[in-house]
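J.: With the input below, show me the fold.
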Amino acid sequence: MKLVCLALFVVAATADESCPACDCGVSDRAKKLEHARNFVYNDCKEAGQTGCISRASRYHSIGQKGATLWLTGLSGSGKSTIGKALEQKLVTRLRKASYRLDGDNVRLGLNRDLGFSEEDRNENVRRVGEVAALMADSGTITIASLISPYRADRDAVREQHKQWGVPFFEVYVDVSLAGAEERDPKGLYKKVRAGVIKSFTGVSDDAPYEHPLQPEIHLHTETMSVDDEVEAIVKILLENGILTGDNVEDGLAPPDGDKHVEGDMEFKEEYVAEAAGLPEVPLRTVDLQWLQVIAEGWAAPLTGFMREGALLQTLHFNSMLVDANNYTGTEIGLNTPTDFLNFNPTVQKTDRVSSSVPIVLPIDAKTKAAVEAAGKCVLVSPTGEKIAMMTGVEVFAHRKEEMIARMFGTTDYEHPYIKENILPAGDFLLGGEIKMLVPKVLYNDGLDEFRLSPKEIRAEFKKRGADAVVAFQTRNPTHAAHNWLMNDARRQLLDKGFKNPQVFLTPLGGWTKSDDVPLDVRIKQHAQIMEAGAEGGGLDPATTIMAIWPSPMVYAGPTEVQWHAKSRRNAGCSYFITGRDPAGLKGSDNWQASPLQKIIGEEDQYDGNHGRFVMQMSPALNGMDVLSFGPIKYDISDDTMKREDKSRKSDFISISGSKMRKMAAAGTPVCTDKVTKDWKAECVPAGFMPPKAWEVVTDYYKNIEDPSRKWIQYSTPQTA
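T.: Residues are numbered from 1 along each chain as shown. Down below sits the predicted model:
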């Protein structure tokens, strides 16, 4: 997409003949500026005005917000150097509209009538400030690089921006006078010392430099590199949501589509009365899990099960075009019937959001007839509870083979999700908007306390003062390699300059294949990891939140992992950790025996490297960053997991998931001594997992076949 910036300067005013400032005989600029501005500005706030664009609509449309970065400091401090490097990164790397106003280019035209007297310097700052405010209001990130020695002048510019309602960041480019003289890029200090220049800012008594007292950004140019200075500024822009046109809440990522949709679906008493007597649609457990995903906002901007148009986009593009806030004014959205006969070209100008996994509701022919006749229906859980009402229904064919081929990229009908959840499902799909008939989806299985909605999770991160959140998903017990990934990801965010990054540990709670570790076992084990804390080989509860992610696992490899990331963004996460083979599995015996697969000769249905590669290349992650990690091994020298050091390979041993399961099933104890390179899995290395967490895992594998032990494989509703 190419961003074209067009500036329109429209002058519209009504003169007041009684205004002394309008007297052409008055030449004193300062006196003229003392008078109140007496004109009518078309600010789109007056009733009945037409042709106006709101600031929210402007920013969303261009994909960024406007702001002014006011770089102030001594001559030679590096303002222009930093400004140029910053502009280059914003425009060429981050693809944002930005422009520099500095002491040189503004004097070519705008301020060519000004000299260097105190009055003219003040006027120079005022004019640049006015222009910067206008440019910032237009959505441009404006970089003003001026010495601007007087606090009063800079404060006046700040006030200008405050009146406009646009962000202003004072950037103090701090350098000692000796440092500035040593640099002296224009040779001005030499001329001062030689007496050629009589008055010079920061040197002469009559030309003081008044340094900022509370700048938003303080750069120490004698100890920081230009790259570090640019990164410090970019970080502030990120934290304040300037680099996105969406609404940003205190450092948390905005939801996909820039709209919190859970409020459109939440429970209201009036829905219960409206739903009375409507035909009932029975939900399978996996359908209930998808309903929870939708209702809580994990799938934003979806507000219901997919209609055919949304499904087609998902299958063919792994994304959808939406305009959740109707910025285009064309009412294009996901809550309108699929229309195959009329095409609105404006749809291509709307937002593309990630949507890689179909979220659909299968029904049979009998249900289809009842629902189409009524136009509405009630969704009923496996326990018989009326959970939600669906309105604006759309029924269409369940093209199972097309869905399987596009979603999984395979024809393995023994694939567990295909075999259990697609092939036996109804031959029709039902789409439409959701209105909840209960305040919250509950399973009454003893784990509901760990089920937090994106709204609740965002509130907790705000309470903690998080300025960045990184998410990690697991459907297995958490061990030292996982802990290292999360802790190292947090370290990377600290290195980027974030002050309080938080980790979001999200064990999958929806449907899983039968040989995966049950949900209740994983939650108990994760709880022990949290209780052990960082010092005990676990995770720090002060910087980590654990909550069940309600989605089913579909095992669709690179396609599915995009859904994993997108849904966490809706909970406020701006970073997502991905390792090797996310969302993968081994193919069935029939699949492995196929002639085409024999050519490749691999057991895994998806290459282990493809998931994280596709994640980083996804066109619809909309600013979410992926932290990709390769293999992690156990370092016997210090009993920790980390990346392998190639210079001492003999110090690293590999502990795979299958090896962990075998050790757990055998009741293998924790090692009492340090392991050596000759380790043969006779004990569990002390740094692999906190002891109490290991006990939870071994208890499960030792008793996996015990009929008296009732495991909760995945979220399954129980009668209250």
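J.: switch to C-alpha atoms for all contacts and neighbour counts from now on
T.: Will do.
J.: which strand in the chain runs the most residues?
T.: In the chain, taking DSSP state E as the definition, the longest strand is strand 386-397.
J.: list the helices and strands the helix or strand just after it packs on?
T.: Scanning forward in sequence from strand 386-397 by DSSP states H and E, the next helix or strand is helix 400-408. Packing contacts for helix 400-408, counted by 3 or more Cα pairs under 8 Å, 6 or more residues apart in numbering; DSSP states H and E, involve helix 308-317.
J.: What are the contacting residues of whichever helix or strand comes after the helix it packs on?
T.: Going down the chain from helix 308-317, the next helix or strand is strand 319-322, by DSSP H and E. With Cα atoms under 8 Å, 6 or more residues apart in numbering as the test, strand 319-322 has contacts from 257, 301, 310, 313-314, 332-334, 347-348, 350-356, 620.
J.: Okay, now the unreliable bits of this structure?
T.: By pLDDT under 70, the weakly predicted segments of the chain are 1-51, 249-250, 329-333, 581.
J.: care to break it down by domain?
T.: Domain ranges of the chain: 63-239, 262-436, 449-702, per automatic domain parsing.
J.: picking up where we left off before, restricted to strands, list the contacts of strand 319-322.
T.: Of the positions in the contacts of strand 319-322, 351-354 sit in strands, assigned by DSSP E.
J.: now these in TSV, with distance to K462?
T.: Listed next are the ones in strands among the contacts of strand 319-322 as TSV, based on distance: Cα to Cα, whole Å:
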residue	distance to K462
D351	27
R352	27
V353	25
S354	25
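J.: Closest one of those to S138?
T.: Ranked by distance to S138 (Cα to Cα), the ones in strands among the contacts of strand 319-322 are led by D351 at 20.2 Å.
J.: Show the contacting residues for that closest one.
T.: Contacts of D351 by Cα under 8 Å, 6+ apart are 257, 320-323.
J.: before we move on, the earlier item: quick one, which of the domains of the chain is nearest to D246?
T.: Taking Cα to Cα, domain 63-239 is the member of the domains of the chain nearest to D246, at 7.3 Å.
J.: Can you get me the start-to-end distance on that closest one?
T.: Taking Cα to Cα, to the nearest Å, the span from the opening residue of domain 63-239 to its closing residue is 16 Å.
J.: Check stretch 507-526 too.
T.: This stretch, stretch 507-526, spans 9 Å end to end (Cα to Cα).
J.: Buried residues in that stretch, which are they?
T.: 507-513, 517-526 (16 or more other Cα atoms under 10 Å).
J.: Could you tell me which of the residues you listed are located in strands?
T.: The strands, defined by DSSP E, take in P507 from those.
J.: if we can go back for a sec, is it possible to get a markdown table of the domains of the chain that adds distance to S57?
T.: Formatted as a markdown table, those follow (distance: least, Cα to Cα, whole Å):
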| stretch | distance to S57 |
| --- | --- |
| domain 63-239 | 10 |
| domain 262-436 | 6 |
| domain 449-702 | 17 |
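J.: closest one to I53 among the ones you listed?
T.: Nearest to I53, of all these, is domain 262-436, at 9.4 Å by Cα to Cα.
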